[in-house]
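Colleague: 3D, please:
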Amino acid sequence: MKKIILLLTLILPLLCSSQLKKDDDGTLYYEEVIETDLSIAEIHDAIEQYLATYSDNSNYVIKINKEDQILAKGDIPIIGPNELNIVLNTEFKEGRYRIFINELMLNKKDPFTNDEELNTKIALDQMEKRYSKQGKLSEFQKLKKSGEAEKHVSGFVEMNKFFYPKGETKLLAFVEDLKQYISDFNSDSDW
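Modeller: So this is what the prediction gives:
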């Protein structure tokens with residue numbers, strides 16, 4: 001059994017890596033629709049129980065809890081104190097559910113991005129957009145003029161190259177674990 005789990009851990013990310021997609025802004029997200037024989041209520045209960053188990057506190061992570069949707073924020077440990085911060089949006093209809101994960105952040109401060117296309121110029125542009133959205137463009141200009149922005153960005157690029165493969169593997173393992181939990185869910189307990 002341990003060999004099968006190890007094999008799946010090694011092969012699964014290779015098979016699933018295409019499931020991380022990019023939107024028009026280059027931001028990564030995950031989306032999948034899964035068919036099931038479970039009812040909407042059973043899918044809802046399974047996801048709610050999974051989040052309570054995974055996070056140790058479902059009230060902390062679940063932000064929206066409707067009959068046909070659960071939206072949760074949470075952290076996936078990567079390595080040491082480093083974590084991937086996510087927003088998990090699950091929506092359900094009879095016979096299927098959708099997993100949508102976005103707002104991927106590394107350690108609550110840097111966007112999680114694909115290292116193959118990341119370079120200092122792209123990261124600097126992304127940093128400028130983030131500061132602009134926050135109304136802090138003049139602060140960014142000062143950082144850029146002093147050279148601090150480039151220092152931060154080069155550190156970010158190197159950090160992302162190190163963390164991206166590990167974070168992607170952990171994210172996909174989280175999704176597979178969630179899907180397996182839902183698949184194995186049994187609401188017919190006699191307790």
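
Colleague: now do the helices in the chain.
Modeller: Assigned by DSSP state H, the helices in the chain fall at 2-16, 40-55, 58-61, 120-133, 137-146, 148-184.

Colleague: closest to Thr113 out of those helices?
Modeller: Among the helices of the chain, the nearest to Thr113 by CB to CB is helix 148-184 (5.9 Å). For every residue, glycine as well, the C-beta is placed using N, CA and C.

Colleague: show me the shaky parts of the chain.
Modeller: The chain contains residues with pLDDT under 70 at 1-18, 56-60, 115-118, 189-191.

Colleague: at 80 what do you get?
Modeller: Filtered on pLDDT under 80, the chain yields the residue ranges 1-19, 25-26, 55-60, 109-111, 113-119, 122-123, 126, 155-156, 159-160, 187-191.

Colleague: before we move on, back to that, and of the helices of the chain, who's closest to Gly80?
Modeller: helix 148-184 (10.6 Å).

Colleague: re earlier: turn the helices of the chain into JSON lines, columns for mean neighbour count.
Modeller: Output for these, formatted as JSON lines (neighbours: other CB atoms under 10 Å):
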{"stretch": "helix 2-16", "mean neighbour count": "11"}
{"stretch": "helix 40-55", "mean neighbour count": "18"}
{"stretch": "helix 58-61", "mean neighbour count": "15"}
{"stretch": "helix 120-133", "mean neighbour count": "15"}
{"stretch": "helix 137-146", "mean neighbour count": "13"}
{"stretch": "helix 148-184", "mean neighbour count": "17"}
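
Colleague: which one of the ones you listed lies nearest to Arg98?
Modeller: So among the helices of the chain, helix 40-55 is nearest, using CB to CB, at 10.3 Å.

Colleague: what lies in contact with that closest one?
Modeller: Residues outside helix 40-55 that contact it (CB atoms under 8 Å, 6 or more residues apart in numbering): 36, 38, 58, 61-62, 65, 67-68, 70, 72, 74, 88, 90, 92-94, 97, 174, 177-178, 181-182, 185, 187.

Colleague: can I get the helices of the chain in a markdown table including distance to Ile79?
Modeller: Converted to a markdown table, these look like this (distance: least, CB to CB, whole Å):
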| stretch | distance to Ile79 |
| --- | --- |
| helix 2-16 | 15 |
| helix 40-55 | 18 |
| helix 58-61 | 21 |
| helix 120-133 | 21 |
| helix 137-146 | 28 |
| helix 148-184 | 6 |
